[in-house]
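A.B. asks: Can you look at this prediction? I've put the sequence above it.
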Amino acid sequence: MFFQPYSVIGFHSCDKEVGLKVLNGEDDLIESQNIWDWLGGGIYFWEQNPTRAWEYALECSQRKQFNKKPIKTPFVLGAIIDLGACLNLVDADALKILTEAHSGLKAVFKEADREMPVNKGDNRMLDCAVIQYIHESNKREGQKQYDTVRCAFPEGNEVFQGSKISSRLHLQICVRNADCIKGFFLPRPVKDFNPNF
């Protein structure tokens, strides 16, 4: 278990109506529970990246990206997040846990004579299954659950020919324990991240 004794700023892409209700304390964000979610079930945030959150919200409103809950009016919600017990996949030790979990999940699927899930493009069914296996194993063994999962994703095209840096590279946080979200805010400048406000 890796305790991360610090807070980060995250940005959540959503519909304006949802964002305003959360800001006003009238509603809470709902956990995503799709079998293709990169980091398993939870509430997703772009770490330190309001621009990427805005792009995603806008693309969802234009149906260029898929969001289970449709976004009519794109909106970016800022949040202060304590990482707490974090499966931080930019840490070498956490990557060992991921490798072991993959082997464990593979054995379960082999024993059940079933095929392992596969990542296809933006659909990360294998990643999701491995991370969910970690959470389920911890629960079954009576270990403390992770509050958050954090990972870097090389998305998009290479930024220049031959580069290993991608145009949509970002850090993503999946919050599994909503108590780790210490507060919400409207990112500034408002005209850049919420022009429809």
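C.D. replies: Here it is on my side, so go on.
A.B. asks: ranges for the helices of the chain?
C.D. replies: 16-23, 50-61, 92-111, 125-140, 190-193 (DSSP state H).
A.B. asks: Mind checking those for the one nearest to Arg150?
C.D. replies: Using CB to CB as the measure, helix 92-111 is the one of the helices of the chain that comes nearest Arg150, at 8.8 Å. Backbone N, C-alpha and C define where each C-beta goes, glycine included.
A.B. asks: Could you tell me the angle between that closest one and helix 125-140?
C.D. replies: Per axes from the mean of the first three to the mean of the last three CA atoms, to 10 degrees, the angle that helix 92-111 makes with helix 125-140 is 100 degrees.
A.B. asks: who does helix 92-111 touch, helix- and strand-wise?
C.D. replies: On a contact count with 3 or more CB pairs under 8 Å, 6 or more residues apart in numbering; DSSP states H and E, helix 92-111 meets strand 74-88, helix 125-140.
A.B. asks: can we see that at 6 Å?
C.D. replies: In this structure, helix 92-111 packs against helix 125-140, with contacts taken as 3 or more CB pairs under 6 Å, 6 or more residues apart in numbering; DSSP states H and E.
A.B. asks: I would like the residues contacting the helix it packs on, please.
C.D. replies: Residues outside helix 125-140 that contact it (CB atoms under 6 Å, 6 or more residues apart in numbering): 35-40, 101-102, 105, 117-119, 145.
A.B. asks: Turn these into a markdown table, including distance to Phe160, pLDDT and neighbour count.
C.D. replies: As requested, the contacts of helix 125-140 are arranged in a markdown table below (distance: CB to CB, whole Å; pLDDT from 0 to 100; neighbours: other CB atoms under 10 Å):
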| residue | distance to Phe160 | pLDDT | neighbour count |
| --- | --- | --- | --- |
| Ile35 | 35 | 85 | 13 |
| Trp36 | 30 | 85 | 18 |
| Asp37 | 31 | 87 | 21 |
| Trp38 | 26 | 86 | 20 |
| Leu39 | 28 | 94 | 24 |
| Gly40 | 33 | 93 | 26 |
| Ala101 | 35 | 96 | 20 |
| His102 | 32 | 96 | 18 |
| Leu105 | 37 | 96 | 21 |
| Pro117 | 34 | 94 | 18 |
| Val118 | 30 | 93 | 10 |
| Asn119 | 26 | 92 | 14 |
| Gln145 | 41 | 95 | 14 |
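A.B. asks: Could you work out the most separated pair of those residues?
C.D. replies: Comparing all pairs in the contacts of helix 125-140 by CB to CB, the longest separation belongs to Val118 and Gln145, at 26.8 Å.
A.B. asks: Between the contacts of helix 125-140, which sits nearest Cys174?
C.D. replies: Ranking the contacts of helix 125-140 by separation from Cys174, with CB to CB as the measure, puts Leu39 on top at 3.7 Å.
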